[in-house]
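Undergrad: whatever this is, show me its structure:
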Amino acid sequence: MLVDCDNFFVSCERIFQPFLKNRPVVVLSNNDGCVVARSYEAKALNIPMCCPFFKIEKLFKSQNGIALSSNYELYADISKRVMSFLQYHFQHIEVYSIDEAFIRLPDNQNFAETAAFVRNEILRQIGISVSIGIAKSKTLAKIAGTMAKRKPADKWQILTDSAAIDHRLSELKAIDVWGVGKRCADRLNFLGIFTALELKNAPLKMLRGNFGLPMEKTALELNGTPCLTLEHDEAQQTIITSRSFEYEIKDLERLKQIIAEFTDQACLRLRQQNASAGGIITMLQTNRFHHDAPQYNNQILINLPHHSNYTAAFITAAHKGLEQIFRPQYAYKRAGIMLVDINNRNNLPNFFDSPGTVEKEQKLMSAVDELNRKLGKKTLFFAAQAAGVKHYIKRQFRSQSFTTSWDDLPLVK
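TA: Numbers count the residues shown, from 1 in each chain. Predicted coordinates for the structure are as follows:
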């Protein structure tokens, strides 16, 4: 079973802002650049995905449309609520993305009742509409989920009947099958395979010889043979935090504040997965769209003396790297950091580690994390970050953090 939230970013905004319902709504990317989410009403206006907002702004607003800046804190919190609901009710679940999850169901389960329960309860308890696709494999469940999204009412689709599967696959282009990209689709077309049904019936030996094992698995999945098992959450091997800025920055101290902010966010994620890292990469980039201006793009790795998840150590290392790659003659449009060499923090410590120091660092960060969780983000932070540093990203139309900030709690009158 695939559970897929409908127009997720827009749906999150509508929970706390009812006036957005039945109106064209789009959510914009960082710096209010491109459209990254659309309501059904916006899709009806043929607003393309990922199009620059300035190109459609006049038309969109003339149709009573509302544009909102991305509110990632809100979306992450609502996603956590949806996934927690699914994890409470089902044993075998894979969180595939911020708004999708695969669930393995027993064959003897009543699929229609299960789908109705999940959809109705998530809508009642959280306020998010979901579409549900049920089939014998992940690929077919993806196809069933797309069919469910197009239904006006009961937005679930059970795709287990062979005739119904073949009929749907005959209407579906090969390029629209999950896991088939444009390059593979062009090669499939060259071999005379244009539809998903033709891909399903293609000789497996030929597919493996021309495309390798992944395409063979896709064909088997279309035949109802599960080849893509549920994947369990694993610790990330790298953690990246990077952003493009609203305006170009030349000041080193300003960049240090931004890098410190990125590092704090990444180290929090590192501690949340109960891990430690051995080094940090600092990255800088000029505006690649300014073709007349001189370009500069560089990064550097700074290794720590021992594995850690102590934010201060990584901020110091990131600043050291930044000073080495910074060139004052350039204006920078993007920066970022990457934590690397990530291990489980329960590994045996390095021989040269000081147990007392490591224990002290861990207790300090645990206290900081707990206070920030209870009292709000950045209740405590390192001085290198500087309060209010986030305004380097343009989010002019951002809604309130209704569920993650005491100051933004909605008022009921």
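Undergrad: excluding its backbone neighbours, what's nearest the residue nearest to the spatial centre of the chain?
TA: With distances taken as CA atoms, centre = their mean, I98 lies nearest the centre of the chain, 5.2 Å away. Distance criterion CB to CB, 6 or more residues apart in numbering; nearest residue to I98, sequence neighbours excluded, is S79 at 4.7 Å. Where C-beta positions appear, they are placed from N, C-alpha and C, glycine not excepted.
Undergrad: isn't the one you found up against E100?
TA: No: applying CB atoms under 8 Å, one finds S79 not in contact with E100, separated by 9.7 Å.
Undergrad: tell me the contacts of G279?
TA: L301, I302, N303, L304, A317, L339, V340, D341 (CB atoms under 8 Å, 6 or more residues apart in numbering).
Undergrad: residues near the last one, how many?
TA: By the other CB atoms under 10 Å criterion, the neighbourhood of D341 contains 15 residues.
Undergrad: do the third one as well
TA: The local packing count at N303 equals 12, with neighbours defined by other CB under 10 Å.
Undergrad: work out for me the element the residue nearest to it when sequence neighbours are not counted sits within.
TA: Leaving aside its chain neighbours, N303 sits nearest to G279 (4.2 Å; criterion: CB to CB, 6+ apart). Using DSSP states H and E, the element containing G279 is strand 275-286.
Undergrad: one more: I134?
TA: With DSSP H and E as the test, I134 turns up in strand 130-135.
Undergrad: now for that strand, which elements pack on it?
TA: Contact here means 3 or more CB pairs under 8 Å, 6 or more residues apart in numbering; DSSP states H and E; on that basis strand 130-135 packs against strand 2-5, helix 111-125, helix 138-149, strand 156-159.
Undergrad: quick one: the strands in the stretch 51-200 of the chain?
TA: Applying DSSP state E, counting those that start in this stretch to the stretch 51-200 of the chain gives strands spanning 66-69, 93-97, 100-103, 130-135, 156-159.
Undergrad: to N287, which of the ones you listed lies closest?
TA: strand 66-69 (20.6 Å; CB to CB).
Undergrad: which elements pack onto the closest one?
TA: strand 25-28, helix 53-62.
Undergrad: for those, which one sits closest to V130?
TA: Across the helices and strands packed on strand 66-69, closest to V130 is strand 25-28 (CB to CB), at 17.9 Å.
Undergrad: output the closest one as CSV, restricted to C-alpha atoms.
TA: The C-alpha trace of strand 25-28 is given here as CSV (Å, rounded to 0.1, in the frame of the first residue of the first chain):
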residue,chain,number,x,y,z
VAL,A,25,-2.5,28.2,-4.3
VAL,A,26,1.1,27.6,-5.2
VAL,A,27,4.1,27.2,-2.8
LEU,A,28,7.4,28.6,-4.0
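Undergrad: thanks again, I'm all set now.
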